[in-house]
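# just a sequence and a predicted model for now, questions to come.
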Amino acid sequence: MSLSDIDRDLLQRCLCSGSRAWEDFVDRFLGLVVHVVNHTSQSRSIRLSPQDREDLAAEVMFTIVDNDFAVLRRFRGDSSLATYLTVIARRVVVRELLKRKTSSASLVGVADRADPRARHVLPPEERINNRDEVEQLLLSLHGPEADVIRMYHLEGKSYREISSSVGMPENSIGPTLSRARAKMRQAGIE
């Protein structure tokens, strides 16, 4: 699909700093940007808070206006403006999600060095959000596997604490949790 007359006019108004051009641009394309934010995070299995969604959408819009609309100036018109903006938005969102993941990983690394016993512990709010699913899964599990799931997701214990309690090697806890998550997906719980 090629550039429509409406989008061509809107693009020209933005590049010339026309009256209400940016407001019209936002009205026309903000829904698309939010859709890209949601779709990109869901495809990467990343849960976003409403604030995260707003921040990512704002980052996309900032990228568009940055450097006197440089992103829009590079648009050659070989596709629809919506298609071009979808690609730009997705790139920005992926970049920002990777930045957040990297900074979170480095923060976890700092916490691990400060207290090695704190490794492999999810924040309590992440564990509680899945409480119903975990309890439903526990009905189908038995023995050490059920104990590992219960201690990790419901009691908030670290891999080391679980290992000591159930007598399972610490490096077997992660694979046990992964198998349980696979069972949850198969059962349609997750």
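Okay, I see it.
# how many neighbours does V134 have?
21 (other C-beta atoms under 10 Å). Heads up, the C-betas are built off the backbone N, CA and C, glycines and all.
# for it, give me its contacts.
Applying C-beta atoms under 8 Å, 6 or more residues apart in numbering, we find V134 in contact with 127, 149-150, 153-154.
# now do S4
S4 touches 80-81, counting by C-beta under 8 Å, 6+ apart.
# give me that answer again for 7 Å
For S4, the contact set (C-beta atoms under 7 Å, 6 or more residues apart in numbering) comprises S80.
# now it: how far from F25?
Going from S4 to F25 by C-beta to C-beta, to the nearest Å gives 14 Å.
# still on that earlier bit, just put the contacts of V134 in a markdown table and tack on distance to G167 and neighbour count.
Conversion of the contacts of V134 to a markdown table gives the following (distance: C-beta to C-beta, whole Å; neighbours: other C-beta atoms under 10 Å):
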| residue | distance to G167 | neighbour count |
| --- | --- | --- |
| R127 | 23 | 16 |
| I149 | 16 | 23 |
| R150 | 15 | 17 |
| H153 | 19 | 23 |
| L154 | 19 | 15 |
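# of the residues you listed, which is the nearest to L137?
I149 (6.4 Å; C-beta to C-beta).
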